[in-house]
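1. generate a structure from the sequence data that follows.
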Amino acid sequence: MIIGIDARFAVYNRRGIGNYTFKLIQHLAGIDRCNEYILYVDRDDAENVLPKQSNFRIKKLFPLNYLIWEQIALPIQARKDSVNILHCTGNTAPIYLDRKINLVSSIMDVMYLKSYSDLPKSSSLYQRLGRIYRKVIVPKTLSHISRVITISNYSKDDILKHFLALREGEIVVTYLAADERFHVVDKSILAEIKNKLGISGSYILSLGATDPRKNTELIIKTFIELKNQNKIEEKLVIVGIPDWKNTRFYDIVQESNFENNVIFTDFISEDDLVLLYNGASIFLYPSLYEGFGMPVLEAMSCGVPVITSNITSMPEIAGDAAILINPRDPEELKSSILTVLNDEKLRNELRELGFKQAKKFSWRRMAEETLKVYQMCGKNA
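-> Modelled structure (predicted):
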């Protein structure tokens, strides 16, 4: 078969979808020498990142405009290349596609269909426009989708609830995994990252975002309350907020007496993130909505006790290896932090359970299951 993959997100500044796409392509290259792959990108430097073996080709498509690239350039080129399967990995796909092409669409979640009472509106114009785009485009692609791939049983059920035109057999769950680089390191090398970021003493770690669903404001306010009550000595490190001095989070911290106890960082390299996980006393991830929740497995792989949400996909991914809380209840978050910090036996139990839980997930298995989806579509062509 000739299999086309939308590989844009795998090339630059990889986060959730980008990591998924990159790992999928990387492991497909390791297990499949028979089929031909065409990786469609929108950047010149893709050759430095994507596989170079003989059955993988990279094609850059113009223009750079997201909508035109996906809805016009991609389907036209896929038809010219006579692809048998087009796999769109970024939650959306072309509305119009040659009928000879089997469309496989990875839909990570349907949070763009949730009401603002369930998930507060993001302050980011980019995220709001993305929500509108997906809300319009995705339902229109369902009539010609051969298979939907999603990343948790929670997401599968959520997709079926919102898209009644889909049948259960048309959706396949392929779990993600933490990258192999997330592992326990020698504690002697942690001083380097702490000096680099200006961290002294012990700290609680969280991955922040201006997107309200990540619950960063709750984390900060709960931390400040604990400091006001003199109940913890730890600092709070929040990773992943560019231009953080111009956010409401910074204002909240400045209005407290603990501006020296909260450290914000921009996005950092995965190597630095591994070190930060390893040095943390607790990892907090009380997200309001996740299709999967990758940081939970990353933290577990690094031996950090995890506190996360008891809703959406997090219980499915974390299992019994994390403290699960109501992410809308600050008192529950506060008491969980204190419980974990003050109970060494519990921390050690969570650490060991976390290692076991993270090992249940595999990128190679995800790629193998995706290849089975391609083969299934090929037989039905």
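2. where in the stretch 51-200 of the chain is pLDDT low?
-> In the predicted model, the stretch 51-200 of the chain carries pLDDT under 70 at residues 116-127.
3. strands of the chain, start to end?
-> Shown for the chain, the strands assigned by DSSP state E span residues 2-6, 36-41, 56-60, 85-88, 102-106, 145-150, 171-173, 203-207, 235-239, 262-265, 282-285, 306-309, 323-325.
4. distance to residue 252 added to these, as TSV?
-> Yep, even glycine has a C-beta here, placed from its N, CA and C like the rest. Shown next, in TSV, are the strands of the chain (distance: least, Cβ to Cβ, whole Å):
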stretch	distance to residue 252
strand 2-6	39
strand 36-41	40
strand 56-60	43
strand 85-88	39
strand 102-106	36
strand 145-150	35
strand 171-173	38
strand 203-207	14
strand 235-239	11
strand 262-265	9
strand 282-285	16
strand 306-309	20
strand 323-325	21
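5. any chance of those in a markdown table, plus mean neighbour count?
-> Shown next, in a markdown table, are those (neighbours: other Cβ atoms under 10 Å):
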| stretch | mean neighbour count |
| --- | --- |
| strand 2-6 | 24 |
| strand 36-41 | 22 |
| strand 56-60 | 17 |
| strand 85-88 | 26 |
| strand 102-106 | 24 |
| strand 145-150 | 22 |
| strand 171-173 | 18 |
| strand 203-207 | 24 |
| strand 235-239 | 23 |
| strand 262-265 | 21 |
| strand 282-285 | 26 |
| strand 306-309 | 26 |
| strand 323-325 | 21 |
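6. who's in contact with the residue nearest to residue 42 when sequence neighbours are not counted?
-> The spatial neighbour of residue 42 that comes closest, neighbours along the chain excluded (Cβ to Cβ, 6 or more residues apart in numbering), is residue 8 at 5.1 Å. Residues in contact with residue 8, defined by Cβ atoms under 8 Å, 6 or more residues apart in numbering, are 21, 40, 41, 42, 43, 69, 90.
7. from those, keep the buried residues only.
-> Of all the contacts of residue 8 considered here, the ones buried according to neighbour count by 16 or more other Cβ atoms under 10 Å are 21, 40, 41, 42, 69, 90.
8. what's the farthest-apart pair in those residues?
-> The most widely separated members of the buried ones among the contacts of residue 8 are 21 and 69, with 15.1 Å between them, by Cβ to Cβ.
9. how many residues are close by residue 289?
-> Residue 289 has 24 neighbouring residues, counting by other Cβ atoms under 10 Å.
10. next: residue 132.
-> Number of residues near residue 132 (other Cβ under 10 Å) recorded here: 10.
11. coming back round to it: which of the contacts of residue 8 sits closest to residue 356?
-> Top of the list for closeness to residue 356, among the contacts of residue 8 and by Cβ to Cβ, is residue 21 at 27.7 Å.
12. setting the sequence-adjacent residues aside, check what's closest to that closest one.
-> The shortest distance from residue 21 to any residue that is not its chain neighbour, by Cβ to Cβ, 6+ apart, is 4.0 Å, and that residue is residue 10.
13. show me where the stretch 201-350 of the chain has its helices.
-> Using DSSP state H, counting those that start in this stretch, the helices assigned to the stretch 201-350 of the chain run over residues 216-228, 248-254, 270-279, 294-301, 314-318, 330-342, 344-358.
14. can I get these in a markdown table with distance to residue 180?
-> Output for the helices of the stretch 201-350 of the chain, formatted as a markdown table (distance: least, Cβ to Cβ, whole Å):
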| stretch | distance to residue 180 |
| --- | --- |
| helix 216-228 | 28 |
| helix 248-254 | 32 |
| helix 270-279 | 11 |
| helix 294-301 | 9 |
| helix 314-318 | 18 |
| helix 330-342 | 27 |
| helix 344-358 | 11 |
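15. quick one, which of those is nearest to residue 108?
-> With Cβ to Cβ as the criterion, residue 108 lies closest to helix 294-301 of the helices of the stretch 201-350 of the chain, at 10.6 Å.
16. buried stuff in the closest one?
-> Those would be 294, 295, 296, 297, 298, 299, 300, 301, for helix 294-301 by 16+ other Cβ under 10 Å.
17. could you do stretch 78-85 as well?
-> By neighbour count, with 16+ other Cβ under 10 Å as the criterion, the buried positions of stretch 78-85 are 78, 81, 83, 84, 85.
18. the fourth one reaches residue 36, doesn't it?
-> Spelled out, that is residue 84. No - no contact is recorded between residue 84 and residue 36 when judged using Cβ atoms under 8 Å, the distance being 9.3 Å.
19. shared neighbours, these two?
-> Once Cβ under 8 Å, 6+ apart is applied, the residues that residue 84 and residue 36 both contact turn out to be 1, 2, 3.
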